[in-house]
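Novice: sequence unknown, structure follows:
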């Protein structure tokens, strides 16, 4: 497994994944410098700034960037018989799938940490004087990362399914845009995979709760969809004709 991870990391170093990862936090940073869209009297200035930044970052850029990273992870294998070359080595398909997934989640976690830095940096430039609510913002950052678990599994599945680099990205864009409407629906919003990062990063309700959403939603929606998409993608890859 370690050797597979090292091989996948080496291939990523040859790609432009670093610039892709920086894009989301940079957009969030500049959104943090703009006037706040949310106006709540008496609320901590940092939280108001985070709510404004999440409208763009968590709702659009985070789901889109995870899809780009997943497509990049499978780009080399779809070129010149790369899957045959990779699977001719003494590795199992299961380990290859898990290694790609783990590396994508590591990159998404790094993306979230950069976004945390952009929140703090934009707030310092704006001169926010309220205490920095590290625990609340950290819940938002970690919650957004956990919300991408099923989404990344689905996007990795799509990236293995389609040989074209653009095809899974197009699918991701098509389903990301409706999340703007889904988050306003009490019926569909909690179950729409592309809306989960925003829901998990949104600071609302009781801030003492885990990730500000009910436990049953976390376990059934995020956990259930992760099991469905991860093992569905793994089963497809195990049976895929190379």
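Specialist: Looks like it came in fine. This is a predicted model, so every value here is computed, not measured.
Novice: distance between the helix or strand containing residue 12 and the chain's centre?
Specialist: Here residue 12, judged by DSSP states H and E, is contained in helix 2-13. On the basis of C-alpha atoms, centre = their mean, to the nearest Å, helix 2-13 sits 20 Å off its chain's mean C-alpha point.
Novice: buried ones in that helix?
Specialist: 4-5, 8, 11-12 (16 or more other C-beta atoms under 10 Å). C-beta coordinates here come from the backbone N, C-alpha and C atoms, glycine included.
Novice: Same list (those) but as TSV, adding pLDDT and distance to residue 64.
Specialist: Output for these, formatted as TSV (pLDDT from 0 to 100; distance: C-beta to C-beta, whole Å):
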residue	pLDDT	distance to residue 64
4	76	27
5	78	25
8	75	21
11	74	21
12	75	18
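Novice: and which of the residues you listed is nearest to residue 103?
Specialist: Proximity of the buried residues of helix 2-13 to residue 103, judged by C-beta to C-beta, is greatest for residue 8, which lies at 5.2 Å.
Novice: Go through the worst-scoring helix or strand of the chain on mean pLDDT and flag the buried ones.
Specialist: Ranked by mean pLDDT, DSSP states H and E, the weakest helix or strand in the chain is helix 215-217, scoring a mean of 74. By neighbour count on 16+ other C-beta under 10 Å, the buried set for helix 215-217 is residue 217.
Novice: who's in contact with that helix?
Specialist: residue 190 (C-beta atoms under 8 Å, 6 or more residues apart in numbering).
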